[in-house]
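Student: what's the 3D shape of this:
(chains A and B)
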There are 2 protein chains.
Amino acid sequence: MFKETFQSYVTKVEQYLEKLPWSEGVLEKSMSYSLMGGGKRIRPVLALASADAVGGDPEEILPAAVSLELIHTYSLIHDDLPAMDNDDYRRGRLSNHKVFGEAMAILAGDALLTYAFEILAESNLCRPERQLRVIREVAEAAGKLGMVWGQVADLAGERKKLSLKEIEEIHKAKTGAMLTVSARLGGILAGGTEEQVKALTDYAQALGLAFQIKDDILDVVGDSETLGKPAGSDLRQGKSTYVSLLGLEGAGRELHTQVVKAQAALQPLEKKASFLSDLACYIEQRQH
Amino acid sequence: MFKETFQSYVTKVEQYLEKLPWSEGVLEKSMSYSLMGGGKRIRPVLALASADAVGGDPEEILPAAVSLELIHTYSLIHDDLPAMDNDDYRRGRLSNHKVFGEAMAILAGDALLTYAFEILAESNLCRPERQLRVIREVAEAAGKLGMVWGQVADLAGERKKLSLKEIEEIHKAKTGAMLTVSARLGGILAGGTEEQVKALTDYAQALGLAFQIKDDILDVVGDSETLGKPAGSDLRQGKSTYVSLLGLEGAGRELHTQVVKAQAALQPLEKKASFLSDLACYIEQRQH
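Tutor: Next comes the predicted model:
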């Protein structure tokens, strides 16, 4: 049941992405190359499932949910640039700048971020106050106190030993803020109560940490082919991770703690949140 | 009178910019370095004056007007990058990446763009439908069919001879779209009628071309010190410009034609648009 529901959310997202009107120009080719390059679509799935969890209709918030994937994709394109993480591969394919060149990769990222806000402001919803609130929250999560700050701190942190608290702060900003706002977006746009939105927030914050801890674990125990990127690269680069600080077992325990915390936060949403509860288990067990 | 009004708009913009809560972190230092680095503030001024021209209160739309300057600044930071125009100087100071490095310049641009949408969605206006319309229009003007496309076409055009029509298309996208949406933003948020907004649109489109033609002329006749950048760089790079295609006199005539067109478009706005009319003259005569 979990897998079918997950797949049905992903299918909605992929179908929406495929219907976007991409032109034949090189800019839009570059944008869609990265956008259509696979990925787990966790952010839009989280938004759609959160809409369901508050009793709303995920179909109605689909464009907004997809905009989260556009923002995620832009951040990956820019993170892969030579001036940043300098990654030649992403999800087993050449990264954007290796195919289209650096200038186009920067511009494709810029255009994806901008397009996300265009979609978020689309005039298809009847509650403009909710839409504005979501735009504010997404911009905050993606911006100078959220995702972008996280990337700055992550780049700076590569050159020094970090404490567990510092790692957690970086992850909360770099990936946690956007995951959290994904759940909130679904809850808010679908008309959830403030109590429900609060439950989704607590859930997504713990889920975000779990997601990151699992990433660190997979970097050590996963194989490159399944991961679609070289395994062990954190270790080789001497990066501070949950595993380097807590050990493999300690990281596994912390992962489980966060999963339990995420599930507990869902209580006010009752049975409607069963998919979200299963999603936390899925993240604990995923192999890539 | 024109100069005093212009200065009063600029002062409003500068005061708002100075009150933005910049932290001491390197990301926000990098953002504010470029944002506070001078510039004519044409886009916010155009928005404030357009609010005045439809009988609204410019003070009320100030945050939205300033967001246009954030978007403009982000585009300059990214355009100056080595992978793009590779400019070491901007407005007589070192460009962002020369001071903060490439990674930070990319991220500061990303964060400025994101922050602009956060401000545009601020909850200080009582007409959320208007705000959403403006966010859509700004995102469209800044994005893959507007400013970003213009930069892509401009980079591609550097390597070939362009026709007058091609140059015009590039400028309409690269600078025209944002100038036009600046005037529209002021008109729409201040409650202008559709006829008034149409007049502002026609005005700003002609003004945008005039602005670009004047830029091309100044590149030939201006001196580097007044311009804050090396004069004659278009010529040296063999770039197609209004001057290279029409000659200095022909470009001057085309400039004047656009200024007259801009002023004629203001007719439905009557006396309230006298500043905008003078602004078109100012652009024809400016020395930097």
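
Student: Wait, a strand at A:Asn86?
Tutor: No - according to DSSP: H, G, I helix; E, B strand; the rest coil, A:Asn86 belongs to no strand; its state is coil.

Student: quick one: least confident helix or strand in chain A?
Tutor: Using mean pLDDT, DSSP states H and E, helix A:224-227 stands out as the lowest-scoring helix or strand of chain A, at a mean of 63.

Student: Only the C-alpha atoms, please, for the helix or strand that that helix is followed by, written as CSV.
Tutor: Using DSSP states H and E, the helix or strand that follows helix A:224-227 in sequence is helix A:233-236. Output in CSV follows, covering the C-alpha atoms of helix A:233-236 (Å, rounded to 0.1, in the frame of the first residue of the first chain):
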residue,chain,number,x,y,z
SER,A,233,33.3,10.5,-0.9
ASP,A,234,32.6,12.2,2.4
LEU,A,235,35.2,10.0,4.1
ARG,A,236,37.8,10.6,1.5
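
Student: Identify the residues contacting helix A:233-236?
Tutor: If you take C-beta atoms under 8 Å, 6 or more residues apart in numbering or on different chains as the criterion, helix A:233-236 is touched by A:216, A:219-220, A:241, A:243-244. Bear in mind the C-beta positions are built from the backbone N, C-alpha and C, glycine included.

Student: among those, which are in helices?
Tutor: A:216, A:219-220, A:243-244 (DSSP state H).

Student: Quick check: the farthest pair among those?
Tutor: Using C-beta to C-beta, those reach their maximum pairwise distance at A:Asp219 and A:Ser244, which is 10.0 Å.

Student: Have a look at those two and say which one is more surrounded.
Tutor: A:Asp219 (22 against 19; other C-beta atoms under 10 Å in any protein chain shown).

Student: wait, isn't the more buried one in contact with A:Gly232?
Tutor: Yes - between A:Asp219 and A:Gly232 there is a contact under C-beta atoms under 8 Å: 6.4 Å.

Student: Let's have the ones in helices among the contacts of helix A:233-236 in a markdown table, adding pLDDT and distance to A:Leu185.
Tutor: A markdown table is the format used below for these (pLDDT from 0 to 100; distance: C-beta to C-beta, whole Å):
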| residue | pLDDT | distance to A:Leu185 |
| --- | --- | --- |
| A:Asp216 | 93 | 27 |
| A:Asp219 | 89 | 29 |
| A:Val220 | 91 | 33 |
| A:Val243 | 94 | 31 |
| A:Ser244 | 92 | 33 |
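
Student: With distance to B:Glu166 added, can I get those residues in CSV?
Tutor: Converted to CSV, the ones in helices among the contacts of helix A:233-236 look like this (distance: C-beta to C-beta, whole Å):
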residue, distance to B:Glu166
A:Asp216, 51
A:Asp219, 49
A:Val220, 54
A:Val243, 55
A:Ser244, 55
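
Student: mind listing what the spatially most central residue of chain A touches?
Tutor: By C-alpha atoms, centre = their mean, the mean C-alpha position of chain A lies nearest to A:Arg43, the distance being 4.6 Å. Counting by C-beta under 8 Å, 6+ apart, A:Arg43 touches A:65, A:68-69, A:72, A:178-179, A:182.

Student: And it, how close does it get to chain B?
Tutor: 16 Å (C-beta to the nearest C-beta, to the nearest Å).

Student: separation between that residue and A:His78?
Tutor: For A:Arg43, the distance to A:His78 (C-beta to C-beta, to the nearest Å) stands at 17 Å.

Student: Show me the shaky parts of the stretch 1-150 of chain A.
Tutor: Residue ranges of the stretch 1-150 of chain A with pLDDT under 70: A:124-125.

Student: so where do the strands sit in it?
Tutor: All strands of the stretch 1-150 of chain A, identified by DSSP state E, counting those that start in this stretch, fall at A:89-90, A:93-94.

Student: Relative to B:Ala141, which of the ones you listed is closest?
Tutor: Relative to B:Ala141, the nearest member of the strands of the stretch 1-150 of chain A by C-beta to C-beta is strand A:89-90, separated by 29.8 Å.

Student: Parallel or antiparallel, list what pairs with the closest one.
Tutor: Using DSSP bridges, the strands paired with strand A:89-90 are strand A:93-94 (antiparallel).

Student: how distant is the strand it pairs with from the center of its chain?
Tutor: Chain-centre distance of strand A:93-94: 20 Å, with C-alpha atoms, centre = their mean, to the nearest Å.

Student: again with stretch A:163-179
Tutor: The answer for stretch A:163-179 is 13 Å, by C-alpha atoms, centre = their mean.

Student: what residues does that stretch touch?
Tutor: Residues outside stretch A:163-179 that contact it (C-beta under 8 Å, 6+ apart) are A:42-43, A:46, A:68, A:71-72, A:140-142, A:145-147, A:149-151, A:153-154, A:157, A:162, A:204-205, A:207-209, A:211-212, A:240-242, A:245-246.

Student: which ones among these are found in helices?
Tutor: Per DSSP H, those map to helices at A:42-43, A:46, A:68, A:71-72, A:140-142, A:147, A:149-151, A:153-154, A:157, A:204-205, A:207-209, A:211-212, A:242, A:245-246.

Student: Count the neighbours of the residue of the stretch 151-288 of chain A found nearest chain B for me.
Tutor: Minimum separation of the stretch 151-288 of chain A from chain B (C-beta to the nearest C-beta) falls at A:Val152, amounting to 4.7 Å. Neighbour count for A:Val152, taken as other C-beta under 10 Å: 24.

Student: ok, now which ones touch it?
Tutor: B:25-27, B:104, B:107.

Student: Then A:Asp79?
Tutor: Taking C-beta under 8 Å, 6+ apart as the definition, contacts of A:Asp79 comprise A:85, A:87, A:151.

Student: 6 Å instead, please
Tutor: A:Asp85 (C-beta atoms under 6 Å, 6 or more residues apart in numbering or on different chains).

Student: What backbone torsions are found at A:Ser95?
Tutor: phi -70, psi 160 (degrees, to the nearest 10).
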